[in-house]
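Visitor: Turn this into a structure:
(2 chains)
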Amino acid sequence: MIGFLIRRILQGIIVILGVVVLVFTLSKLIPGGPARIALGPRASTPANIAHFNLVNGLDLPLWDQLWQYIHGLLVIWRPNLGYSYHYNEGVRSVIAQRLPRTLALVGTSTLVALIIAVPLGIFQVVRRNTISDYVMTGLSFVFYAIPSFLLGTLLILYFAVDLKWFPVSPPGGGGFFTIFTDPRAFLLPVVTLSAITIASFSRFMRSSMMDAMAEDYVRTAKAKGAGPQRVLFGHAMRNALIPIITLVGLSLPAIASGALVTETVFNYPGMGLMTVSAALSDDIPVVLGATLVITVATVIGSLLADILYAVADPRIRFGSA
Amino acid sequence: MSADLPSGGVPDPLDPMNRPLPLGLESISPADVVAPPEGGEARSTGSMLRQIGRVFIENKLAIVGVIIVIAFVLFCFVGPLLYHTNQTNAQEALLNSTENAPPGHGHPLGTDDYGYDMLGRLMFGGQASLIVGLASAAVATSFGVIYGALSGFFGSWIDALMMRIVDVFLSIPALFLLVALVSIFHASEPLIIVVIAAISWLVPARLIRGETLSLRVREYVQAVRIMGGSRTRIIGRHIVPNAIGTIVVFATFQVADSILLLAALGFIGLGIPLPGTDWGSMLSNGVNYAFNDYWWEIYPAGLCIILVVIAFNFIGDALRDSLEVRLQRR
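Guide: Residues are numbered from 1 along each chain as shown, chains lettered A, B, ... in the order given. Prediction:
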């Protein structure tokens, strides 16, 4: 167990290091280099660019620059993520204001999705190959195929434009707690993000449950006279739930991607909306910083899911994981 | 995409459950097995195509999927030949119509805020959506297959390194990476194909690596090796053809995913640049007028995205069902 945790944390660190190198590489691929973005029209003379590069250490060998970049990030409580010339502010403080809102959105949506998808998947297995199973499979197909931006748009059209129950977009500014003081603005994004997630979770739960129902231990339990309820909840469900923990860990990057779109649809002032508007205004340091931060967040999330997995299923042999 | 988890660990080749099942095993008649294949050389795919065809006829949803896809290909590529509209010159478009005109009067689906005819625009945007979807799925699958086959075949530290690279990419939320790539390399249509492929090759790479690990210890691969078959020959003529079922299933789902990714890019404003368009950009454009009740600028594009994505998912599911005989028999 301890060995598994250490190995898993090391793995996480290696992945994060890889992401850092990737983000650094991408920042070097900006056409014209960072000088063009920072200086704008003043980048026209080579002397200006050379001066900018000298001041910011961009004339050093790439290896030294990478080392400096990692060194800046290693100060974990105040990592140096670069400078946003658009906001005229450090990327770290731009992100720090918005990260909690995205974490709240992703966390709540994942929880809601789990609470709905697990019973739904079990229900489908109980009623497998009946009309209600087919209807739900069809519905999950539809929700799986509906892109989050379309679902969000439809929700806006219906609840905000037609019924006027909700504001179309939440208050743009304000601190983290405004989402709780005005939960209406939080509700539609959560509904959108969880609906998409429910579709994939319940499909997985259904097949995981089907797998469990075909296992030998279920047959044994039936043969020993356990009732259908006991077989379903006592034997099959407990085993079917374990892969779900892994699924949640693996789905976190996808849910974070969904958050990017959902935030854009609802004008929800989180990391996703910030990344999109930064991309549209050529503020590449913010885009790269956000990518790095959101990735670290999902890696930590998956790590927690794996720890939970180890706690939930002590049989798992961790030797080859 | 499939809901199956990519198995992170090394599959045990001795476990019979890890052996890929032949396509359409349950429907093989004695006539199909008259001449058992000698050795592992997979030359003819005719039989497999026939089996896929059989699965399709048995599966009604797959037929619906194929019909929808064919209908959309005709609509987007043949449609403009019959229904002439101007989709590239906004000034000219405005000469013949008004902005945001409701359906009717020579515009069956109305016009958008530039004055472009919406029905023609659906065809025009659909071309971009379908081309990008198919092309990026093809690029992503080919690259992923080669990468995964090499990684699984070489094994040891090369495999470990190549798979850690995949892990790094997989842990980055795909849309964030996509937005970063598009904002760095300002996107035109060919570039969007490459960029979408650049975030989509990871799953096939892992799948094929897993298959390769289980295939490379098979007797027939070892026989080829003993006979002095080169690595290229083993990978190209034995390993990849035996994993073709997995590859085809993945590619089908990937077309749907790529179309969705392009639509998402279009929606957030980073899609095919004007005067070109795609369904996602059209939808995003229409949403600006949500309060004006310009429904013809929102629903048709949204419906097109959903229909095409569902169609490719139906086809992919039918193909996967034919591979997963074990699940089907329950």
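
Visitor: What helix or strand is the most centrally placed residue in chain B located in?
Guide: In chain B, the residue lying closest to the centroid (CA atoms, centre = their mean) is B:V255, at 1.9 Å. Element membership for B:V255 (DSSP states H and E) is helix B:244-267.

Visitor: tell me the mean pLDDT over that helix?
Guide: The average pLDDT for helix B:244-267 rounds to 85.

Visitor: what number of residues lie near the closest residue to the residue nearest to the centre of chain B other than its chain neighbours?
Guide: Among residues not flanking B:V255 along the chain, B:A137 sits closest, at 4.4 Å (CB to CB, 6 or more residues apart in numbering or on different chains). C-beta here means a position set from N, CA and C on the backbone, and glycine is covered the same way. Neighbours of B:A137 under the rule other CB atoms under 10 Å in any protein chain shown: 26.

Visitor: Help me confirm that B:A137 comes into contact with B:S258.
Guide: Yes - the pair B:A137 / B:S258 is scored as a contact, 5.1 Å apart, by CB atoms under 8 Å.

Visitor: Pull up the overlap in contacts between the two.
Guide: B:A197, B:S200 (CB atoms under 8 Å, 6 or more residues apart in numbering or on different chains).

Visitor: which residues sit in contact with B:M163?
Guide: So B:M163 contacts B:S151, B:R206, B:R209 (CB under 8 Å, 6+ apart).

Visitor: switch the cut-off to 7 Å
Guide: Applying CB atoms under 7 Å, 6 or more residues apart in numbering or on different chains to B:M163 gives the contacts B:S151, B:R209.

Visitor: Tell me the residues of the stretch 51-200 of chain A that contact chain B?
Guide: For the stretch 51-200 of chain A, the residues in contact with chain B (CB under 7 Å from any CB of the partner chain) are A:F141, A:A145, A:I146, A:P147, A:F149, A:L150, A:T153, A:I156, A:L157, A:V161, A:S200.

Visitor: still on that earlier bit, for the residue nearest to the centre of chain B, give its distance to A:L114.
Guide: Distance of B:V255 to A:L114, computed by CB to CB, to the nearest Å: 29 Å.

Visitor: Can you measure across stretch B:169-188, start residue to end residue?
Guide: Taking CA to CA, to the nearest Å as the measure, stretch B:169-188 stretches 23 Å from start to finish.

Visitor: is that stretch up against chain A anywhere?
Guide: Yes - Stretch B:169-188 reaches chain A (CB under 7 Å from any CB) through B:S171, B:I172, B:P173, B:A174, B:L175, B:F176, B:L177, B:V179, B:A180, B:V182, B:S183, B:I184.

Visitor: And for the third one, the neighbour number?
Guide: By that I understand B:P173. 28.

Visitor: so it sits right up against A:A297, yeah?
Guide: No - the pair B:P173 / A:A297 is not scored as a contact, 9.2 Å apart, by CB atoms under 7 Å.

Visitor: The residue nearest to the centre of chain B and B:N313 touch, don't they?
Guide: No - the pair B:V255 / B:N313 is not scored as a contact, 9.5 Å apart, by CB under 7 Å.

Visitor: just to revisit the earlier point, so the residue nearest to B:V255 makes contact with B:A251?
Guide: Yes - counting by CB under 7 Å, B:A251 is a contact partner of B:A137 at 5.4 Å.

Visitor: What about the residues of stretch B:169-188 next to chain A, which are in helices?
Guide: Those of those mapping onto helices are B:S171, B:A174, B:L175, B:F176, B:L177, B:V179, B:A180, B:V182, B:S183, B:I184, per DSSP state H.

Visitor: What helix or strand is the nearest residue to the fourth one once chain neighbours are set aside located in?
Guide: Translated: B:F176. Nearest residue to B:F176 in three dimensions, chain neighbours excluded: A:T291, at 4.5 Å (CB to CB, 6+ apart). Using DSSP H and E, A:T291 maps to helix A:284-312.

Visitor: do B:V195 as well
Guide: For B:V195, the element it lies in under DSSP H and E is helix B:189-198.

Visitor: Give me the contact status of that helix with chain A.
Guide: No - figure legend: helix B:189-198 not in contact with chain A (CB under 7 Å from any CB); closest approach 11.1 Å.

Visitor: and the angle from that helix to helix B:244-267?
Guide: On the basis of axes from the mean of the first three to the mean of the last three CA atoms, to 10 degrees, helix B:189-198 is oriented at 120 degrees to helix B:244-267.
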